[in-house]
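Participant: Let's see this in three dimensions:
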Amino acid sequence: DLDKGSYDNCTSQENLKLYFDNDPTKTSITVCCDDFVNAGQNDELIIDVELWVEDEEGNKDYCKTIIVVQDNQDICPDKGSAKGKISGNIKTETGVETKPVEVSLFHNGSMMRQMMGSPYSFGDLAMNTTYSVKPERNDEHANGVTTQDIVKIQKHILGLAEITDPYKLLAADVNASKTITASDMAELRKLILGINSEFKNVKSWTFVPADYAFADPKSPWDAPRSADLMLDKSKVIDFISVKMGDVTGDSRANGAQSSQSRTSGKLSFEIKDQEVIAGESYRVSFKSSDFRNISGYQFTLKFDENSLMYEGIESGVLKTTEANFGTKRISEGMLTTSWNADKGISYGKEEELFVVNFRATRNGKLSSLLTINSNLTSAQAYDEKDNVLEPVMFVRTDKGIVESGVFELYQNEPNPFSKETVVSYRLPESGAVKLTVYDVTGKVLRVYEMKGQKGLNHQQISKGDLNATGVLYYQLDAADHTATRKMISVE
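Facilitator: Below you'll find the predicted structure:
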C-alpha cells in the first residue's frame, strides 16, 4: 500500500521484497482499537515506519514515512481527553474535487502535520487553540493553459470582454503583480511554447477558503490562501481551487477527469509539396483555404530532424515574430507556435500566413517530412465565437490537397496503466510495422505485427498480454524508421 513503484535494474518488480523496519518477516502492520487506546488517541493515530525494499541479490534500501490511521466512524472508544477535528474538501469553482493537494496544519507558525487531499482531515487536536490550514499544489503548470486563455486575457485588457469572475482573475495573474497585463500573456505564451516549464512567481494552483466573501470581486488579489481559526469545536473548512493560467476552465483537477477538448471543425495549414535535395535551403510558406474569423491557434510543427535543419522564420500577414515560436526542442524536430488576435481575422487561400526556413540534410519529399501534432504544444485553434478547431496540415500537389505525414511514435495512454493502454503512431505511408514490448533487462514480452495505414494508427495493449509490471519499453519498427518509448504497468 505504501510502495510508489520501487524497481531494480536486474530484479523484476514482482520479485522485490518489501517489508517494514528492516525486518523481512514484517510484511504488514495490523492496527486495532487497542493501539488508539494505548496511545491516548481518539480519532487519529500516527505511526512512524521505515519501508524497506530488497532485490534478489540482497541489496536493499529504505525510506522513512508515516501511516495515519483515522477512526472516522468512531468505532474505537475515546479514552483520550476531549479533542477536535478540522476536515474539509477542496474543489474547483464548478465543484470538481481537486487532488492530489498537499494540506498542511500549522500552530503558532510551525507545521504540525501534513497530508494529501482532497478530502483532508486532521483529528485529535487540542481544543481552544488557534490553527492554520494551508493547501498547496505545484505540478503540471501547463495543465489547462492554451492560447485561448491568452485570447480571453487580451480581450479583458482591451476592454472588449471583461473577466468578472474573481477566481478567473486570480488565475490570469500568473506573474503575481496583482494586475492583469501583457506580461501575464507573455509568460503564458512561453509556457505554451515549451520555452518555460513552469511559472516564475506562482505555483500551478492556488486555493481560497470557500467561505471567503470578496469585498471587491474585480480586485480579488488579497484573498487569503489559507484558513485561520480558533478550534472551539470540530470544524469543516472547505477550499476553492484555482488553476493558474486557466481562465477558460478546461484544466484537469484530478487524474480521473478527462482533459480532451471537443473540436467543432478543422483549420487547414497548407504547404506546397516538393522534392528536397540535401544541402539546399527551402522557404516553406504556410497558407490556408479556410482561415476565416480565426482569433488564435497553437500547435507543434513536427519535422523529420534527420532530413531537415531549421533555419528560422519569416513573418507573413499574421505578423508573427520569434515570440510566437518556441525552439527549445528544435533538435528533436519540434517547432512550437502560438498566435492570437483580439478579434476574428480572415485571409484568402493564397495569402502567406508565415514562413519556416529549412535546409535539407538528405533527399526527400516535403509531404512526408512535416506534420502538425500535439507532441509539445497541443494543437488547437479558435474562432471568434470561441469554438475550438483542430489544426491540420495539408500539402498542395498537382493532384489536389492531401494530408501530410511523418513517422512518429506517441506516448501510450493512459500511462501508467493497470488493465489496458493504447499506443498510437503515425506513418508517412502505408506498410508493415512491428511493435515490440520488452522489460528493463531486454526480455521481449510481446511482439505485435500489423499493417499500418498512412496517417494515425492505434494499437491496444492488454496487461494480460505482457504478464509484467513496472517500467517497460515499446519499440516501433516500420520501413526505414524506428522509435522507442517507456511505459509503466502497475498492479
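
Participant: Using the three-state scheme, assign the closest residue to S367 other than its chain neighbours.
Facilitator: In space, and not counting its chain neighbours, S367 is closest to V395: 4.2 Å by Cβ to Cβ, 6 or more residues apart in numbering. Every C-beta, even on glycine, is put in place using the N, C-alpha and C of the backbone. Here V395 takes the strand state, with states given by DSSP: H, G, I helix; E, B strand; the rest coil.

Participant: Please determine how far V395 is located from I401.
Facilitator: V395 is 7 Å from I401, where distance means Cβ to Cβ, to the nearest Å.

Participant: Between those two, which contacts overlap?
Facilitator: By Cβ atoms under 8 Å, 6 or more residues apart in numbering, V395 and I401 have these common neighbours: E270.

Participant: out of these two, which sits in the busier spot?
Facilitator: V395 (21 against 12; other Cβ atoms under 10 Å).

Participant: Report pLDDT for the more buried one.
Facilitator: Note on V395: pLDDT of 91.

Participant: and it, how far is that from S424?
Facilitator: On the measure of Cβ to Cβ, V395 and S424 end up 22 Å apart.

Participant: And the strands in the stretch 201-350 of the chain, which stretches?
Facilitator: 205-209, 227-231, 235-236, 239-243, 266-272, 275-276, 281-286, 294-303, 308-315, 325-326, 334-345 (DSSP state E, counting those that start in this stretch).

Participant: Now render these as CSV, adding mean pLDDT and mean neighbour count.
Facilitator: Below are these laid out as CSV (pLDDT from 0 to 100; neighbours: other Cβ atoms under 10 Å):
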stretch, mean pLDDT, mean neighbour count
strand 205-209, 98, 23
strand 227-231, 96, 16
strand 235-236, 96, 15
strand 239-243, 98, 25
strand 266-272, 95, 19
strand 275-276, 95, 16
strand 281-286, 97, 16
strand 294-303, 96, 25
strand 308-315, 97, 16
strand 325-326, 97, 22
strand 334-345, 96, 20
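
Participant: how about CSV for those strands, with distance to G452 added?
Facilitator: Listed next are these as CSV, based on distance: least, Cβ to Cβ, whole Å:
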stretch, distance to G452
strand 205-209, 40
strand 227-231, 55
strand 235-236, 55
strand 239-243, 37
strand 266-272, 23
strand 275-276, 24
strand 281-286, 26
strand 294-303, 17
strand 308-315, 23
strand 325-326, 30
strand 334-345, 22
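
Participant: tell me which element F36 falls in.
Facilitator: helix 33-39 (DSSP states H and E).

Participant: and that helix, average pLDDT?
Facilitator: pLDDT averaged over helix 33-39 gives 87.

Participant: Quick check: W339 vs T164, distance?
Facilitator: For W339, the distance to T164 - Cβ to Cβ - is 27 Å.

Participant: Tell me where the model's unsure across the stretch 1-150 of the chain.
Facilitator: For the stretch 1-150 of the chain, the stretches flagged by pLDDT under 70 are 80-82.

Participant: In it, mark out all the strands, start to finish.
Facilitator: 17-20, 44-54, 60-70, 83-88, 90-92, 101-107, 110-117, 120-126, 129-136.

Participant: Serialize these to a markdown table and add fields for mean neighbour count and distance to S462.
Facilitator: Formatted as a markdown table, these follow (neighbours: other Cβ atoms under 10 Å; distance: least, Cβ to Cβ, whole Å):
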| stretch | mean neighbour count | distance to S462 |
| --- | --- | --- |
| strand 17-20 | 17 | 26 |
| strand 44-54 | 17 | 28 |
| strand 60-70 | 13 | 32 |
| strand 83-88 | 19 | 40 |
| strand 90-92 | 22 | 34 |
| strand 101-107 | 18 | 33 |
| strand 110-117 | 14 | 31 |
| strand 120-126 | 20 | 36 |
| strand 129-136 | 18 | 38 |
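
Participant: will you turn those into a markdown table that also has distance to E280?
Facilitator: Below are the strands of the stretch 1-150 of the chain laid out as a markdown table (distance: least, Cβ to Cβ, whole Å):
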| stretch | distance to E280 |
| --- | --- |
| strand 17-20 | 59 |
| strand 44-54 | 56 |
| strand 60-70 | 55 |
| strand 83-88 | 64 |
| strand 90-92 | 53 |
| strand 101-107 | 54 |
| strand 110-117 | 56 |
| strand 120-126 | 62 |
| strand 129-136 | 54 |
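
Participant: Surely N15 and E56 touch.
Facilitator: Yes: here N15 reaches E56: they are 5.9 Å apart, a contact under Cβ atoms under 8 Å.

Participant: For K83, list each beta-bridge partner.
Facilitator: A126 (DSSP bridges).

Participant: hmm, back to that, so for I150, which of the strands of the stretch 1-150 of the chain sits nearest?
Facilitator: If you check each of the strands of the stretch 1-150 of the chain against I150 by Cβ to Cβ, strand 90-92 wins as the nearest, at 20.9 Å.

Participant: Give me the residues contacting that closest one.
Facilitator: Residues from elsewhere that reach strand 90-92 (Cβ under 8 Å, 6+ apart): 97-99, 101, 103, 117-120, 135, 207, 238-243, 249, 253.

Participant: so what's Y297 up against?
Facilitator: 147, 267, 337-340, 380-382, 389, 391.

Participant: In TSV, list the residues you listed along with distance to T30.
Facilitator: Below are the contacts of Y297 laid out as TSV (distance: Cβ to Cβ, whole Å):
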residue	distance to T30
T147	54
L267	60
T337	58
S338	55
W339	61
N340	59
Q380	52
A381	57
Y382	56
L389	57
P391	57
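
Participant: Does V317 touch L353 like I think?
Facilitator: Yes: counting by Cβ under 8 Å, V317 touches L353, with 6.2 Å between them.

Participant: Spell out which residues are contacts of both of these two.
Facilitator: In contact with both V317 and L353: Y347, using Cβ under 8 Å, 6+ apart.

Participant: So these two - more neighbours on which side?
Facilitator: Taking other Cβ under 10 Å, V317 and L353 do not tie; L353 has more neighbours (20 against 14).

Participant: Is the more buried one in contact with E314, as I believe?
Facilitator: No: taking Cβ under 8 Å as the definition, L353 is not a contact partner of E314, at 10.6 Å.

Participant: Out of the contacts of Y297, which is nearest to Y448?
Facilitator: P391 (30.3 Å).

Participant: how many other residues sit next to the closest one?
Facilitator: 23.

Participant: Equivalent analysis for the one 3 residues further on, please.
Facilitator: When counting by other Cβ under 10 Å, one arrives at 21 neighbours for F394.

Participant: Show me what the nearest residue to V31 once chain neighbours are set aside is bridged to.
Facilitator: Nearest in space to V31, with sequence neighbours left out and distances taken as Cβ to Cβ, 6+ apart, is V69 at 5.0 Å. Legend: beta-bridge partners of V69 under DSSP bridges are L45.

Participant: residues touching V69, list them.
Facilitator: V69 neighbours (Cβ under 8 Å, 6+ apart): 31, 35, 44-45, 47.

Participant: all helices of this structure, in order?
Facilitator: Applying DSSP state H to the chain gives helices spanning 33-39, 147-157, 166-172, 182-192, 463-466.

Participant: Dump those to a markdown table, plus distance to A479.
Facilitator: A markdown table is the format used below for the helices of the chain (distance: least, Cβ to Cβ, whole Å):
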| stretch | distance to A479 |
| --- | --- |
| helix 33-39 | 63 |
| helix 147-157 | 35 |
| helix 166-172 | 46 |
| helix 182-192 | 34 |
| helix 463-466 | 25 |
